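Novice: Using only what follows, build the 3D model:
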Amino acid sequence: MLNPVVHAFDQLFTKYINYGDEESAQVQLHIDNFIQELHTLSYAKDYLPWLNRDRHLVVSSFGRNTHIKPLKHVQLLVCLNSESAKVIFDKESGAYLIRVNVGAERFGNMVNEERELIPAAIAQSFQEEFRNLPDANNVGISAEGGATYRRKGCLWVFNVIPAFFVSHPNTGKTFYLVPDNQGHWKHIYPHNETAALRQINEQHHGFMYDLIRLLKYWNREHDIPSIPSPVLEAIVVNYCQGKAEKLKEFADLDVANLLRNIKDSIKGPIMDPLGQRGDLNTIPMTARQSIADQAFRDQLKAETARTMEFNRDYVRSIEKWSEVVGYEFRKLVTLR
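Specialist: Residues are numbered from 1 along each chain as shown. Down below sits the predicted model:
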């Protein structure tokens, strides 16, 4: 007989966590259509920057394939054409400046007296245009320095981050410049991050993404502060890289250890396992304690549930698992 706990977890992923291929394709279609709308805007308004069609990039969970149902936001790097602007690195501050040439009028009033681009002004310009799009909703400015937009009837919010694609003239390395929330620009390497994450997942036979999604679902199902995706993903990646053996097919085997990991690490710095972004943990200290407390309680419950499952006490195991991953879990299997 199929283990009812295994069956319940399979159903949990199918019904409540994972997007199917058709659902993901539908999201991608919305993204493609929205990008086309942005290009239409750019062509129609001579005070908006030209866009670099080949360099737009989804950098949120959907872009990394670690998203869960329901998708709530899509963070999109919208790559602007710099019109041969000069990129200047300020060694003292560690930030970048982008100085546009005289005659690059499509940046209009988005520059200061030194003709340096103002990230907030670019986001503000997009925000004003988004208000005029059909069925616009949730239009605003995001914490990441972008403009947000959601079409009525659509579940997710687009977070449009103005960005520039840069190829270093000496090293040939490529990166994006995005707002740093200090009035300047910072560099990021999203292609490298996604590729590294994919490689680690492949090393674990493709099961690491399941763990990331399951922990995101766990976080959402409890009345605790939200753990930002980069933080939670870093915790799972660090855990997987520290394992002596590769992940197995059944995600529940690692839940207790991962919850212990969250309990032990969430109150301190959580360094980017890919070595590019430093400490990712921006969660307030009071919120960190709430998360740690919940993780500890659920770690003990997960350990108990695994023991019950090992002893073939499936009824009690499923009840205990439902306290960890949400009470929908107990509805996902019929015990005989």
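
Novice: When you work out contacts or count neighbours from here on, use the C-alpha atoms and nothing else.
Specialist: Noted.

Novice: Which helix or strand lies directly C-terminal to the least confident helix or strand in the chain by mean pLDDT?
Specialist: Using mean pLDDT, DSSP states H and E, the weakest-scoring helix or strand in the chain turns out to be strand 86-90, at a mean of 88. Following strand 86-90 in sequence order, the next helix or strand is strand 95-99 (DSSP states H and E).

Novice: Which residue ranges make up each domain of the chain?
Specialist: As assigned by automatic domain parsing, the chain contains the domains 14-188, 194-332.

Novice: Would you map the helices across the stretch 1-150 of the chain?
Specialist: Secondary structure of the stretch 1-150 of the chain, counting by DSSP state H, counting those that start in this stretch: helices at 4-12, 21-44, 61-64, 119-130.

Novice: These: which one's closest to Lys86?
Specialist: Taking CA to CA, helix 119-130 is the member of the helices of the stretch 1-150 of the chain nearest to Lys86, at 15.2 Å.

Novice: Dump the helices of the stretch 1-150 of the chain to JSON lines, plus mean neighbour count and mean pLDDT.
Specialist: Compiled in JSON lines, the helices of the stretch 1-150 of the chain are given as follows (neighbours: other CA atoms under 10 Å; pLDDT from 0 to 100):
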{"stretch": "helix 4-12", "mean neighbour count": "19", "mean pLDDT": "92"}
{"stretch": "helix 21-44", "mean neighbour count": "14", "mean pLDDT": "92"}
{"stretch": "helix 61-64", "mean neighbour count": "18", "mean pLDDT": "93"}
{"stretch": "helix 119-130", "mean neighbour count": "20", "mean pLDDT": "94"}
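
Novice: how about these, which one is nearest Leu332?
Specialist: The nearest among these, by CA to CA, is helix 4-12 at 5.2 Å.

Novice: Show me what that closest one is in contact with.
Specialist: Contacts with helix 4-12, where a contact means CA atoms under 8 Å, 6 or more residues apart in numbering, come from Phe250, Asp252, Glu309, Tyr314, Ser317, Ile318, Phe329, Arg330, Leu332, Val333, Thr334, Leu335.

Novice: Please apply the same query to stretch 321-335.
Specialist: Stretch 321-335 has contacts (CA under 8 Å, 6+ apart) with 4, 7-9, 11-12, 217-218, 221-222, 298, 301-302, 305, 315, 318-319.

Novice: Give me the longest strand you can find in the chain.
Specialist: The longest strand of the chain (DSSP state E) is strand 157-167.

Novice: can you pull the buried residues of the helix or strand following that one?
Specialist: Sequence order places strand 174-179 as the next helix or strand after strand 157-167, per DSSP H and E. For strand 174-179, burial by neighbour count (16 or more other CA atoms under 10 Å) applies to Phe175, Tyr176, Leu177, Val178, Pro179.

Novice: avg pLDDT for strand 174-179?
Specialist: The average of the pLDDT scores along strand 174-179 is 94.

Novice: how far away is Glu23 from Phe62?
Specialist: 12 Å (CA to CA, to the nearest Å).

Novice: ok, now Gln124?
Specialist: Taking CA to CA, one finds Gln124 at 25 Å from Phe62.

Novice: so how far is the host helix or strand of Lys186 off the chain centroid?
Specialist: Counting by DSSP H and E, the element that carries Lys186 is strand 185-188. Strand 185-188 sits 17 Å away from the centroid of its parent chain (CA atoms, centre = their mean, to the nearest Å).

Novice: Next: stretch 7-24.
Specialist: The answer for stretch 7-24 is 19 Å, by CA atoms, centre = their mean.
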